[in-house]
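Undergrad: Everything below, folded, please.
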Amino acid sequence: MACSATPKIVHGPLPTSSLRSADKSDSSCKFMGPSSFFGSKSLNKKLFSVNKAVSSVGRRSAAVVAVSSDVVKEKKLKSSSSLSNLLITREEGLVLYEDMILGRAFEDMCAQMYYRGKMFGFVHLYNGQEAVSTGFIKLLKKEDCVVSTYRDHVHALSKGVPARQVMSELFGKTTGCCRGQGGSMHMFSKEHNVLGGFAFIGEGIPVATGAAFTSKYKREVFKEDCDEVTLAFFGDGTCNNGQFFECLNMAALWKLPIVFVVENNLWAIGMSHLRSTSDPEIWKKGPAFGMPGVHVDGMDVLKVREVAKEAVGRARRGEGPTLVECETYRFRGHSLADPDELRDPAEKAHYATRDPIAALKKYILENNLASEADLKAIEKKIDEELEEAVEFAEESPVPARSQLLENVFADPKGFGIGPDGRYRCEDPKFTEGTAQV
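TA: Presented below is the predicted three-dimensional model:
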């Protein structure tokens, strides 16, 4: 399906049975509650809002409105220029395309290197979900924070971590973004404010909430000029865990500058989302805590980007958190160790026809934002960048044995200093298990 700009408003939540099915894949957003927005002459650049009221028992309620990102087309109808209806400029389109191509090609290269024995442990690839990472992260400033999951390579790339550093980390080399100690599931970059990938589901949400609290504290207590925003990425399986609900409550209570981004790829490893939760419409959990809840087509980067603009903008303006559910699909198994035999082949084939990169490419070409040659040049550039990244990773040194216990305890070198005044980990027998601790 190509990136669409046809105006569409979906009134009310769809029945559970119709959500996330192949024949309903075009529904890009849903909303809850009434709003004066509908039928108004001005969009006021808002896709969703929260209208709060106090009931007779003193409890807060919220009417949440979310509108299809297609509706943003109406913002530009006043202009007679044919370009006025476009959701992106040429420059923006090329940035989005390059980032998505980088993410896809990087993951494909990871698969090659994994099967050649260059990487170890579990490696979870992001193929098919690129519209979510690109649609959100390319709107951020360098100071903004991103918190990811075990499927974190592409989030790090979108945030600006060089491909050679991510590849080196996957190879377990000292030139990696975590000096080879993080590996596939623990990408971290202080320079780029990537606060980590997390192996256990739900781990990153409290970290992201804390980062958002830091931003608010700096602004309101230290009176700093701080408008930093945090994005918390996680999957549908995480939304049944306690950290998710606790942090939604905390973020809404304190009006934190955070966006909770659910990458709902419909499967938690081998468990269907429809079988694992009492209400599969995750976006509806936002209003329960007094924040907007939005469902968007996560296979369309332009729709994701428009919703992300408003969610990030709300957070940056101090208007509080937003829960955004991006319905997407991974094109590979849960990890490279997963034979992917549980998902219906017809389901996989359906989503393969909705490849987000192919959709963006079609939009760019049909609207004359760039030529086929321009896009081929980007693809060639990315191929060369990844070849260089692999070469760099292979030639980089492995960590010294003395690095083994660094960053484990508060002491930067491990178990501390021995009676002789030297770091115990410097004893050549330490890692052989013969040193006295």
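Undergrad: can you give me the strands for the stretch 301-437 of the chain?
TA: Secondary structure of the stretch 301-437 of the chain (DSSP state E, counting those that start in this stretch): strands at 322-327.
Undergrad: Count the residues that sit near residue 147.
TA: Residues lying near residue 147 (other CB atoms under 10 Å) number 29. Backbone N, C-alpha and C define where each C-beta goes, glycine included.
Undergrad: What of residue 195?
TA: Residues near residue 195, counting by other CB under 10 Å: 21.
Undergrad: going forward can the numbers begin at 59, since that is how I track them
TA: Done: numbering now begins at 59, and the last item shifts to residue 253.
Undergrad: Now do the same contact list for it.
TA: 203-205, 246, 262, 265-266, 269 (CB atoms under 8 Å, 6 or more residues apart in numbering).
Undergrad: What residues of the top helix by length along the chain count as buried?
TA: Across the chain, the longest stretch assigned as helix under DSSP state H is helix 148-173. Using 16 or more other CB atoms under 10 Å as the test for burial, helix 148-173 gives 151-152, 154-165, 167-168, 171-172.
Undergrad: next one: stretch 171-184
TA: Neighbour-count burial for stretch 171-184 [16+ other CB under 10 Å]: 171-172, 176-177, 180-184.
Undergrad: Check the secondary structure at residue 207 for me.
TA: What DSSP: H, G, I helix; E, B strand; the rest coil gives for residue 207 is coil.
Undergrad: per-residue confidence for it?
TA: We have a pLDDT of 97 for residue 207.
Undergrad: wait, doesn't it sit right on residue 255?
TA: Yes - under the criterion of CB atoms under 8 Å, residue 207 lies in contact with residue 255, with a separation of 6.1 Å.
Undergrad: Now do the same contact list for residue 197.
TA: Here residue 197 is in contact with 363, 366-367, 370 (criterion: CB under 8 Å, 6+ apart).
Undergrad: measure it to residue 299 for me?
TA: With distances taken as CB to CB, to the nearest Å, residue 197 is found 27 Å from residue 299.
Undergrad: By neighbour count, which of the contacts of residue 197 wins?
TA: residue 366 (29 neighbours).
Undergrad: give me every residue that touches that residue.
TA: Taking CB under 8 Å, 6+ apart, one finds 193-194, 197, 317, 382 in contact with residue 366.
Undergrad: Quick check: closest non-adjacent residue to it.
TA: residue 194 (4.5 Å; CB to CB, 6 or more residues apart in numbering).
Undergrad: That neighbour: which element?
TA: helix 188-195 (DSSP states H and E).
Undergrad: Not counting its own residues, what contacts that helix?
TA: So helix 188-195 is contacted by 154, 157-158, 161-162, 184, 204, 212-213, 216-217, 289, 291, 317, 319, 321, 356-363, 365-366, 370, 384, 386, 414-415, 418 (CB under 8 Å, 6+ apart).
Undergrad: Now do that helix and helix 148-173, the angle between them.
TA: For helix 188-195 against helix 148-173, the angle by axes from the mean of the first three to the mean of the last three CA atoms, to 10 degrees is 130 degrees.
Undergrad: follow-up on the earlier one: please report how far the residue nearest to residue 366 lies from residue 149.
TA: The value you get for residue 194 to residue 149, if CB to CB is used, is 19 Å.
Undergrad: Count the neighbours of residue 379 for me.
TA: 29.
Undergrad: mind listing what it touches?
TA: 270, 306, 309-310, 313-318, 349, 373.
Undergrad: what about the nearest residue to residue 436 once chain neighbours are set aside, distance to residue 418?
TA: Among residues not flanking residue 436 along the chain, residue 156 sits closest, at 4.9 Å (CB to CB, 6+ apart). Separation of residue 156 from residue 418 (CB to CB): 11 Å.
Undergrad: just residue 308 next, same as before
TA: Distance of residue 308 to residue 418, computed by CB to CB: 36 Å.
Undergrad: out of those two, which sits in the busier spot?
TA: residue 418 (25 against 19).
Undergrad: Could you double-check that that one sits in contact with residue 360?
TA: Yes - with contacts counted by CB under 8 Å, residue 418 reaches residue 360, the gap being 7.3 Å.
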